[in-house]
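**Q** Okay, sequence plus prediction incoming.
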Amino acid sequence: MFTVEQRDALREHVLRLAEEDERVVAGAAVGSLAVDGGDRFSDLDLTFGIANVPVADVLNDWTRMLVDELDAVHLADLERVPTTYRVFLLPDALQFDLSMTPAAEFRPAGPRFRLLFGETAASESKVSTPPVAGGLFIPTPAVAEDLFGWGVIYALHARACIERGRVWQAEHYVGAVRDHALSFACLRQGLPAVQARGYDDLSAETLTRFEATHVGAFEPGALRVALAAAVLALMREGAEAGLPHADTVAQRLAELR
């Protein structure tokens, strides 16, 4: 597993990228590290305001640099207009959440936001809109790469929750890893891959892989056993589907298995 020193070094590397890129005019820390310093298991979350060019141009340029220079693996993207989020997995299972927003709309999206440089946009004065109904998980398209990437992200969340003693939250995320692996299996076998519709029609051989993925008790040992089985099932699905980074990701999650 990554060290705090590795996480700090990544933070400084990314902030140097921002300093050297004239398209980046503001930056902030978000998440737990922005408010209370986080803990040993906190991932790195940084967000930036982009001026004069499309956000996608900068995000794609930075992705190439992170992949080439730091051996990062791109796990998943999330669009929450006006912000684009991109999640990376680095060596030693260090997760990095990078997000970018047009400078004219760069402002805190919540309380866990600490400006590092530049300025935020003026606060919106629009009439508040009704809240959007939420879900238990971020909706994941039935696409192999997305199912795999989000499954990895939930596995890292589960591990952190176990180590923090948050056993009910950990069980939630272990279930998410299992469900993403099962959906992936359905997709590979030509079955419905949404809302668990294809689970019962999976082959007996496939379902056998998931027998140990259910949490037997709300205590760390049982949670670790279920998480290890769910991660192993997810890694097998990625390998059998021939995803380009499946082997690399499996090596980086070896501690979870």
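**A** The structure has been received and is ready for your questions.
**Q** in the chain, which ranges drop under the pLDDT threshold?
**A** Scanning the chain with the threshold set as pLDDT under 70 gives 124-137.
**Q** Could you find the residue nearest the spatial middle of it?
**A** Among the residues of the chain, the one closest to the centroid is residue 153, at 3.9 Å (CA atoms, centre = their mean).
**Q** Show the contacting residues for that residue.
**A** Residue 153 makes contact with 75, 76, 87, 95, according to CB atoms under 8 Å, 6 or more residues apart in numbering. The C-beta positions use only the backbone N, C-alpha and C, and glycine is treated the same way.
**Q** ok, the residues you listed vs residue 180, which is closest?
**A** Minimum separation from residue 180 among the contacts of residue 153 (CB to CB) is found for residue 76, which lies at 10.8 Å.
**Q** Could you grab the helix/strand/coil label for that closest one?
**A** strand (DSSP: H, G, I helix; E, B strand; the rest coil).
**Q** returning to that earlier point: looking at the contacts of residue 153, spot the one nearest residue 240.
**A** Within these, proximity to residue 240 (CB to CB) peaks at residue 75, which comes in at 18.6 Å.
**Q** I'd like to know how far that closest one sits from residue 211.
**A** Relative to residue 211, residue 75 is positioned 27 Å away (CB to CB, to the nearest Å).
**Q** The two: which has the busier surroundings?
**A** It is residue 75, of residue 75 and residue 211, that has more neighbours when counted by other CB atoms under 10 Å, with 23 against 9.
**Q** That one: what's it in contact with?
**A** When the contact criterion is CB under 8 Å, 6+ apart, the partners of residue 75 are 87, 88, 89, 149, 150, 152, 153.
**Q** ok, now residue 223?
**A** Residue 223 sits in contact with 158, 162, 167, 170, 171, 174, 215, where contact means CB under 8 Å, 6+ apart.
**Q** Got phi/psi on the first one?
**A** Per-residue torsions, residue 158: phi -60, psi -50 (degrees, to the nearest 10).
**Q** and the closest residue to residue 241 other than its chain neighbours, how many neighbours?
**A** The shortest distance from residue 241 to any non-neighbouring residue, by CB to CB, 6 or more residues apart in numbering, is to residue 144 (5.3 Å). Other residues within reach of residue 144 by the criterion other CB under 10 Å amount to 18.
**Q** do you know how far residue 144 is from residue 21?
**A** Taking CB to CB as the measure, residue 144 falls 32 Å from residue 21.
**Q** now residue 225
**A** For residue 225, the distance to residue 21 under the criterion CB to CB works out to 45 Å.
**Q** what sits against residue 203?
**A** residue 189.
**Q** could you say what helices and strands whichever strand or helix holds residue 29 packs with?
**A** Secondary-structure element containing residue 29, defined by DSSP states H and E: strand 24-30. Using 3 or more CB pairs under 8 Å, 6 or more residues apart in numbering; DSSP states H and E as the contact criterion, the elements in contact with strand 24-30 are helix 4-20, strand 44-50, strand 113-117.
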